[in-house]
Each structure stands twice: as structure tokens, then as C-alpha cells.
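Asks: Need a 3D model of the following:
(one chain, ligands or ions: 1)
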Amino acid sequence: MSNPLIQLTGVCKSFRGNSVLSGIDLTVMPGQIITLIGPNGAGKTTLVKLVLGLLKPDAGELYLASNLCIGYMPQKLLIDPTLPITLDRFLALSEPDKQKCQATLGEVGIDPSAGSQPLQSLSGGEMQRALLARAILRKPNLLVLDEPVQGVDVVGQESLYRLIGQLRDRLDCAVLMVSHDLHLVMSATDEVICLNQHICCHGHPDQVSSNPAFIELFGTKTAPYTHHHNHQHDLRGDVVTAGKAHQHDRSCGHD
Ligand SMILES: Nc1ncnc2c1ncn2[C@@H]1O[C@H](COP(=O)(O)OP(=O)(O)OP(=O)(O)O)[C@@H](O)[C@H]1O
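Replies: Numbers count the residues shown, from 1 in each chain. As a prediction, the model looks like this:
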């Protein structure tokens, strides 16, 4: 059996005496996709920063594998609107080989000719894909993604999560990501960790969605509902049946 890439045992973190994380146990195995989910202020980004080594735990153990190579995608990147930087130059800061950068752009679904565009001119979805391209340039064995679909419309979110799954398969890397929407990541994750300063519950997304601790945090209305697809969606995400589009709910007759 392979060794973990990351292992946290009993990790605690406080800021100015306020406990933000306590007793956190987390193991990330090679190839595994783990999603951290929790309300605002739950400590998700703090946990990510501990994994990245940007913060030190106050207590507990943090083990990082010696061969660990992390590709990080931040929640958002603030760029001065007057800064003259193209997408190509932005990627060159991480990887000087232009061909590799162009190939990576293609891999995340951006036309490589967009590389000459100012970074500030990219749409929200393109920017997230550009950040993902930068994160995978170093061929990491762990991708850390802090709210990767932020600012992306619902159809784009699904396709970005699909892309993350494809990248995991191709790069054979693990993924640790933060999300606010369990519904959307249901099919894209192997394990969900529901965090609210401590780990409230964890496991396969199906188990977590019916866990009382999850329902207490997110309510039954947001508890995700899943279905198997035997139908098509239109561009807005509605289901197309016999030429008519409708939105999914629990009363749908189809799978
Ligand atoms: N450097 C810091 N100094 C003081 N407090 C901090 C610091 N970093 C985070 N906090 C506090 O820790 C708590 C957890 O913050 P964190 O950003 O980890 O939450 P989160 O779950 O990622 O939230 P969100 O979903 O809103 O992004 C918040 O109350 C925040 O104000």
C-alpha cells in the first residue's frame, strides 16, 4: 500500500486566542480527491494554508511526504488593472518553456492563441482555467484548489469539476479542494470532509449528505439530491425531454 502524501493528526490553529481549527485529522492518499466543505469562517482556507506550509499548527502533527509536489490554485488572484501582463507572461513566471505553457492551456480548454491577451481581459471562467493551468504546469502529485469554480456559471462549474477529474486521471495526482456546494462536487470527489472549526463528519458524499451533522450545518434544503443521467441538458442546465426543457427536482419521473 502506498504512503500518504499528507497526514494531519490532532492539528489545532488559533488566531489571537480564537480557536479556528481543533483536533483535525486528515489523510490525503495518492490519486484521491478530497473536498473540504463548510460554512463561511469554518477554517477551510486556514486548513489549506497549513497544508501549503503558509501557516504553522499550534498543536498536532503535520506530515508531508518527501516527494510532495503541490500545484496550488488560490481562491482568487487580484491583479492591478493597469499591470501590463499577458496570459503567456503570467504562465512564463512558472514555466519558461512556451510550448509546454501552450499545451497546458489547450489541456484546460483555453485556446492557446488567447495567451497574447491581457490577463485582465479573461472572463471569470477563463481566469479559473488559467489558474488551473498554472497549478498543473509543475506536474504536481497534489493539486490544492481553493474554491476552484468561484465566479463561474453553473454549466461552467460542472465542466470545470469534470476537467479536474480528468486532470487527476491524467496527472495521476491527488486533489484537495474547497467547495461551498456539495451538490456540484458529489460526482467529482471521493471523500468529503465537512468542517466547522472541527471535523463534523466525513466520508463518501452520499454518506455525508445524509449525516445529521451535515444537515444541521446546511439544512435539508441544501442537502444534495443525486440522480443518474439518462438524458441531455440544454445550455442553461435544464433537462431536455421530448423537446421540452424543465428543471430537476425530486418529482422528476426520469432517473
Ligand atoms: N491571519 C488571520 N488572523 C486572524 N484571523 C484569521 C486569520 N486568518 C483567518 N482568520 C479567521 O479564521 C476564521 C476562519 O477563516 P478561513 O478563511 O479559514 O475560513 P473559510 O472556511 O475559508 O471561510 P470562507 O468560506 O468565508 O472563505 C475566520 O473567522 C477568519 O476571520
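Asks: Straight-line length of stretch 149-157, end to end?
Replies: Distance between the boundary residues of stretch 149-157 (CA to CA, to the nearest Å) amounts to 5 Å.
Asks: which parts of it are buried?
Replies: Counting neighbours by 16 or more other CB atoms under 10 Å, one finds that the buried residues in stretch 149-157 are 149-150, 152, 156-157. Heads up, the C-betas are built off the backbone N, CA and C, glycines and all.
Asks: which of the residues you listed lies closest to residue 56?
Replies: Proximity of those to residue 56 was ranked by CB to CB; the top entry is residue 150 with 26.7 Å.
Asks: which residues sit in contact with that closest one?
Replies: For residue 150, the contacting residues are 75-76, 128, by CB atoms under 8 Å, 6 or more residues apart in numbering.
Asks: quick one, phi/psi of it?
Replies: As for residue 150, its main-chain torsions (degrees, to the nearest 10) stand at phi -60, psi 130.
Asks: What separation is there between it and residue 45?
Replies: Counting by CB to CB, to the nearest Å, the gap from residue 150 to residue 45 is 12 Å.
Asks: Common neighbours of the two, please.
Replies: In contact with both residue 150 and residue 45: residue 75, using CB under 8 Å, 6+ apart.
Asks: The stretch 51-200 of the chain: helices as residue ranges?
Replies: 87-92, 98-107, 124-136, 154-171, 182-185 (DSSP state H, counting those that start in this stretch).
Asks: Point out the most buried one among these.
Replies: When you average the neighbours per residue for each of those (mean count of other CB atoms under 10 Å), helix 124-136 leads with a mean of 22.
Asks: Now do it: everything it contacts.
Replies: Counting by CB under 8 Å, 6+ apart, helix 124-136 makes contact with 71-74, 77, 87, 90-91, 94, 101, 104-105, 107-110, 114, 119, 122, 143-145, 148-153, 156, 160, 163-164, 167, 171, all of which sit outside it.
Asks: can you check stretch 166-175 too?
Replies: Applying CB under 8 Å, 6+ apart, the external contacts of stretch 166-175 come out as 5, 28-34, 71, 107-108, 132, 136, 139-145, 164.
Asks: Return the residues in contact with residue 199.
Replies: The neighbourhood of residue 199, defined by CB under 8 Å, 6+ apart, consists of 23-26, 193.
Asks: Apply the buried test to those residues and list what passes.
Replies: Buried members of these, scored by 16+ other CB under 10 Å, are 24, 26, 193.
Asks: Can you tell me which of the contacts of residue 150 lies closest to the ligand?
Replies: Comparing those against the ligand with CB to the nearest ligand atom places residue 75 closest, at 6.7 Å.
Asks: And the residue nearest to that closest one when sequence neighbours are not counted, what's its pLDDT?
Replies: With CB to CB, 6 or more residues apart in numbering as the criterion, residue 75 has its nearest non-adjacent residue at 4.3 Å, and that residue is residue 146. With respect to pLDDT, residue 146 scores 92.
Asks: Tell me where this protein has strands.
Replies: If DSSP state E is used as the criterion, the strands of the chain fall at 6-15, 18-28, 33-37, 59-64, 70-73, 142-146, 174-179, 191-196, 198-203, 232-233, 239-241, 244-246.
Asks: Contacts for the first one, please.
Replies: For strand 6-15, the surrounding residues in contact (CB under 8 Å, 6+ apart) are 19-28, 43, 46, 50-51, 55, 57-65, 68, 142, 176.
Asks: just the buried members of those?
Replies: With burial judged by 16+ other CB under 10 Å, the buried subset of the contacts of strand 6-15 is 20-22, 24, 26, 28, 43, 46, 50-51, 55, 57, 60, 62, 64-65, 68, 142, 176.
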